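**Student:** Mind folding the following:
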Amino acid sequence: MMNNLFSIFDPSTNIFNLPLNWMSTFIGLMFIPFSFWLIPNRHFFLWKFIITKLHNEFKILLNFEKNKGSTLIFISLFSFILFNNFLGLFPYIFTSTSHLTISLTLSLSLWLTFMLFGWLNNSKHMFIHMIPQGTPSILMPFMVLIETISNIIRPGTLAIRLTANMIAGHLLLTLLSSTGNSMSNYLLLFLIIVQILLLILESAVAVIQSYVITILSTLYSSETN
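**Tutor:** Purely as a prediction, here's the structure:
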């Protein structure tokens, strides 16, 4: 039962015995709007509105005047996670963001980059950040230890947060749909309504998790400047 239940996150997709599961990650490129010289459509205007709002929010945290172009990294991260979260809601499409292979790779690479940049360029600021202002002298060693541990587990918490939220929704949808065969017509109609509501909720979770991961990465980056 458990093997069949979790097999929905690792479907067997292959052509000529070539595994193509992770190719679904690149399907999101098809959703990127066309270039500016083509006729703009509603999709283009919506995506431009979202990017502009994210840019205005991120540049406040990242000291944009000093580091111009830095918001592009986090807007790209938001787009990548958002597309893959939404694609996972379609049947028979591999959900890459429900695997730690993707989420941990993204969070760990970003975190290592922030840490290397901070310790190489702003080492004094990084040392000061480990001890909150007003900490008594006797508690300073403990605060350094606590701050170090909390800093080390950051990429893991980012990855697990995204993976766990994606897995939880998919498992709930799968468990409810598996009970449909033994239900009467009235209960089956109720189950369909519940499934539709859960899909709407999962769509909201896909957007929220993309935003949460991106804004937390932005905050971690701002601490190194």
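
**Student:** Show me what whichever helix in the chain runs longest is packed up against.
**Tutor:** If you go by DSSP state H, the chain has its longest helix at helix 185-222. Where contact means 3 or more C-beta pairs under 8 Å, 6 or more residues apart in numbering; DSSP states H and E, helix 185-222 is packed against helix 42-61, helix 71-87, helix 100-121, helix 154-177. Every residue, glycine included, has its C-beta placed from N, CA and C.

**Student:** Columns mean neighbour count on top of these, output as CSV?
**Tutor:** Converted to CSV, the helices and strands packed on helix 185-222 look like this (neighbours: other C-beta atoms under 10 Å):
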stretch, mean neighbour count
helix 42-61, 14
helix 71-87, 20
helix 100-121, 16
helix 154-177, 18
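
**Student:** So for Ser222, which of these sits nearest?
**Tutor:** helix 42-61 (4.7 Å; C-beta to C-beta).

**Student:** where does this structure dip in pLDDT?
**Tutor:** 1-22, 28, 31-40, 64-68, 225 (pLDDT under 70).

**Student:** returning to that earlier point: any idea of the angle the longest helix of the chain forms with helix 154-177?
**Tutor:** Helix 185-222 runs at 170 degrees relative to helix 154-177, counting by axes from the mean of the first three to the mean of the last three C-alpha atoms, to 10 degrees.

**Student:** Relative to the whole chain's centre, how far out is helix 185-222?
**Tutor:** 12 Å (C-alpha atoms, centre = their mean, to the nearest Å).

**Student:** Mind putting the helices and strands packed on helix 185-222 into a markdown table with distance to Glu147?
**Tutor:** Shown next, in a markdown table, are those (distance: least, C-beta to C-beta, whole Å):
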| stretch | distance to Glu147 |
| --- | --- |
| helix 42-61 | 20 |
| helix 71-87 | 24 |
| helix 100-121 | 13 |
| helix 154-177 | 11 |
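
**Student:** Which of those sits closest to Phe26?
**Tutor:** Evaluated with C-beta to C-beta, the helices and strands packed on helix 185-222 place helix 71-87 nearest to Phe26, the distance being 9.7 Å.

**Student:** what about the closest one, distance to the chain center?
**Tutor:** Counting by C-alpha atoms, centre = their mean, helix 71-87 comes out at 7 Å from the chain centroid.

**Student:** got the contact list for it?
**Tutor:** Helix 71-87 has contacts (C-beta atoms under 8 Å, 6 or more residues apart in numbering) with 24-25, 27-28, 31-32, 51, 54-55, 58-59, 62, 64, 93, 95-97, 102, 106, 110, 162, 166, 203, 205-207, 209-211, 213-214, 217-218, 221.

**Student:** Repeat that for stretch 180-196.
**Tutor:** Contact with stretch 180-196 is made by Leu173, Leu176, Ser177, Thr179, as judged by C-beta under 8 Å, 6+ apart.

**Student:** Nearest spatial neighbour of the third one, chain-adjacent residues omitted?
**Tutor:** This points to Ser177. Gln195 (6.6 Å; C-beta to C-beta, 6 or more residues apart in numbering).

**Student:** What residues of the longest helix of the chain count as buried?
**Tutor:** For helix 185-222, the neighbour count (16 or more other C-beta atoms under 10 Å) marks 198, 202, 205-206, 209-210, 212-218, 220-222 as buried.
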